[in-house]
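>>> Structure of the sequence below:
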Amino acid sequence: MIDYGKFDKALQHLVLQYQNYCGLGGRSALGEIDREAIAESVIQRFEVCYDCLWKVLKRYLGENLGLPELPNSPKPLFRIAFENRLFPAVEPWLLYTDVRVSTSHDYSGDKAGEALVAAEGFINDAVALYQKMTGESWLLPK
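Numbering: from 1, shown residues only. Sure thing, here's the model as predicted:
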């Protein structure tokens, strides 16, 4: 039985911090350092969620679909998941992988901007994949 708890929690944290980031425009009292810290936190939470997602996806492909000898890297796993109809297109997942690799220990400039832009699509796709793998609705806690 696959435990989706870590992935679920990482996704919840990403969503909450992304919402916090999206609400920065209405919070004029925050200084620039605080705004940067919130943006960096979104990127870090994206990284954690991404890492949890592809690892649980590997377990799902092996245990639930019975696929033997799976690769131990995300891009080939995403291609296999696409071939098994877990999502409608593989290209966004390959983009998320590139974004994840590019942000490793560098949250500045264009790389940070790309990660923040990719976060919204990633959240939507991660929720859809969670629901597909678990057969349950994903709900953000109140």
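>>> mind listing what's buried in the longest helix along the chain?
In the chain, assigned by DSSP state H, the helix with the most residues is helix 32-63. Going by neighbour count (16 or more other C-beta atoms under 10 Å), the buried part of helix 32-63 is 38-50, 52-54, 56-58, 60-61. Heads up, the C-betas are built off the backbone N, CA and C, glycines and all.
>>> now do the same end-to-end measure for stretch 65-81.
Length of stretch 65-81, first residue to last, C-alpha to C-alpha, to the nearest Å: 10 Å.
>>> In it, which residues are buried?
Buried, per 16+ other C-beta under 10 Å, within stretch 65-81: 67, 74, 77-78, 80-81.
>>> elements contacting the longest helix of the chain?
Here helix 32-63 touches helix 5-22, helix 74-83, helix 91-103, helix 109-134, going by 3 or more C-beta pairs under 8 Å, 6 or more residues apart in numbering; DSSP states H and E.
>>> The ones you listed: which one's closest to Ala29?
Smallest distance to Ala29 across the helices and strands packed on helix 32-63 (C-beta to C-beta): 14.2 Å, for helix 5-22.
>>> Can you list the neighbours in contact with the closest one?
Residues outside helix 5-22 that contact it (C-beta atoms under 8 Å, 6 or more residues apart in numbering): 38-39, 41-42, 45-46, 48-49, 52-53, 56, 116, 119-120, 123, 126-127, 130, 138, 140-141.
>>> how big is the angle separating it from helix 109-134?
Helix 5-22 runs at 140 degrees relative to helix 109-134, counting by axes from the mean of the first three to the mean of the last three C-alpha atoms, to 10 degrees.
>>> export helix 5-22 as CSV, just CAs?
Extracted C-alpha coordinates of helix 5-22, given in CSV (Å, rounded to 0.1, in the frame of the first residue of the first chain):
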residue,chain,number,x,y,z
GLY,A,5,0.9,11.4,3.2
LYS,A,6,4.2,13.1,2.5
PHE,A,7,3.2,14.1,-1.0
ASP,A,8,-0.2,15.3,0.2
LYS,A,9,1.5,17.4,3.0
ALA,A,10,4.1,18.8,0.6
LEU,A,11,1.4,19.8,-1.9
GLN,A,12,-0.7,21.4,0.9
HIS,A,13,2.3,23.5,2.0
LEU,A,14,3.1,24.5,-1.6
VAL,A,15,-0.5,25.6,-2.2
LEU,A,16,-0.7,27.6,1.0
GLN,A,17,2.7,29.4,0.4
TYR,A,18,1.8,30.0,-3.3
GLN,A,19,-1.5,31.6,-2.1
ASN,A,20,0.6,33.7,0.3
TYR,A,21,2.8,34.8,-2.5
CYS,A,22,-0.1,35.7,-4.8
